[in-house]
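K.L.:
3D, please:
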Amino acid sequence: SPVATSVKDIVAPELEHQVRSLRNSKYGFTNLPNEQVDYSSLDAYINSLADYIENGTYQNFHEYFGPVCLHGRTSNLEKTINDGVQYISMRGFDTDPFSKAGISEDTLNFLELVMIYTLLTETPDDMADKVKVATERNEQAALQEPTAQEDWMKEEGLDFVSQLEAFCEEYDAPRKYRLALKFVQRRIEDPSLTIAGQMASKMENGTMLSFGLKVANDRYLELVQSSQPLAVIAKGYSVTAQELIRAAIVLGIQVWLDHGVRFNVGDHEELLPADVDLPLEEGPQQYLLNLFPEVGNE
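P.N.:
Reported below is the predicted structural model:
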């Protein structure tokens, strides 16, 4: 990106070339440069956000778009901390059009491995400095041409892979993590294999139209021919659960896939097991409307 001339002219008219990731750069969905949050500890992170809310920079903590963000059921920071964080989001990943889920299994396995590694290693004393350097390097990488690579990127990337390989050996890690490391190593050694590198090779006459239509048609045919209502989660959820999830999305009922399927509207919550098996004689939408009559009254 950017490919469309109109997007480039509006968002980043000074750019003279395609870049690896417009979204992950200063032109993307981010905060102002002076809005920095302290990642040295959970308390420091929370206090940073609380300060920005108190001084009016943010209305709530969801307005911070850092590389890692905490999320709860509400936009109230204090309530989220007291009730428990529901999940964290890692925002440094662009959607992968080559994966039906938008992110590949290898990428998820690599992320999981890195998280385990960081949990079992000492937190550096100079965390703030390291985050600052990482932010600067992220900007540099994001605004490079899709297949470009600085020497330090390859050297430090491969060095980190070596550290993770040693970690896998020490803890006899599952094979999926070792395969994920090979996947990452190949991309470090050959940037044309990265998402941006592959996308660049799919351009025809300066657009992604042909590629986009092919992907859309292939996915559409696969979905309409599938015996599963939501094939992407078919391995972990029953047909009934899939039908209810799809109906909930249509009705505007919030869905959480967390130890089963949790539906909620405001403070009203219903939890069903992932393997739920119901006849749904009136259909999945009506079943949910019976559970949440307030939805039908809106």
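K.L.:
contacting residues around stretch 62-71?
P.N.:
Stretch 62-71 has contacts (Cβ atoms under 8 Å, 6 or more residues apart in numbering) with 29-31, 35, 37, 39, 45, 49, 52, 58, 61, 75, 80, 85-92, 135, 138. (C-beta placed from N, C-alpha, C; glycine too.)
K.L.:
what are the ranges of the strands in this protein?
P.N.:
68-71, 87-90, 254-257, 261-265, 268-272 (DSSP state E).
K.L.:
deepest of those, which one?
P.N.:
strand 261-265 (a mean of 19; mean count of other Cβ atoms under 10 Å).
K.L.:
Given that one, what are its sheet partners and their directions?
P.N.:
Neighbouring strands of strand 261-265 in its sheet, by DSSP bridges, are strand 254-257 (antiparallel), strand 268-272 (antiparallel).
K.L.:
Would you mind giving the strands of the chain as JSON lines with distance to residue 13 and mean pLDDT added?
P.N.:
Listed next are the strands of the chain as JSON lines, based on distance: least, Cβ to Cβ, whole Å; pLDDT from 0 to 100:
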{"stretch": "strand 68-71", "distance to residue 13": "30", "mean pLDDT": "92"}
{"stretch": "strand 87-90", "distance to residue 13": "30", "mean pLDDT": "90"}
{"stretch": "strand 254-257", "distance to residue 13": "39", "mean pLDDT": "93"}
{"stretch": "strand 261-265", "distance to residue 13": "44", "mean pLDDT": "94"}
{"stretch": "strand 268-272", "distance to residue 13": "48", "mean pLDDT": "95"}
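K.L.:
what residues go with each domain of the protein?
P.N.:
Domain assignment for the chain by automatic domain parsing gives 5-106+122-164+185-201, 231-296.
K.L.:
Could you export the ones you listed as TSV, including distance to residue 177?
P.N.:
Putting these into TSV (distance: least, Cβ to Cβ, whole Å) gives the following:
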stretch	distance to residue 177
domain 5-106+122-164+185-201	8
domain 231-296	20
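K.L.:
on that earlier part again, redo the strands paired with strand 261-265 as CSV? Include distance to residue 231.
P.N.:
As requested, the strands paired with strand 261-265 are exported to CSV (distance: least, Cβ to Cβ, whole Å):
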stretch, distance to residue 231
strand 254-257, 15
strand 268-272, 20
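K.L.:
Relative to residue 188, which of those is closest?
P.N.:
Evaluated with Cβ to Cβ, the strands paired with strand 261-265 place strand 254-257 nearest to residue 188, the distance being 32.1 Å.
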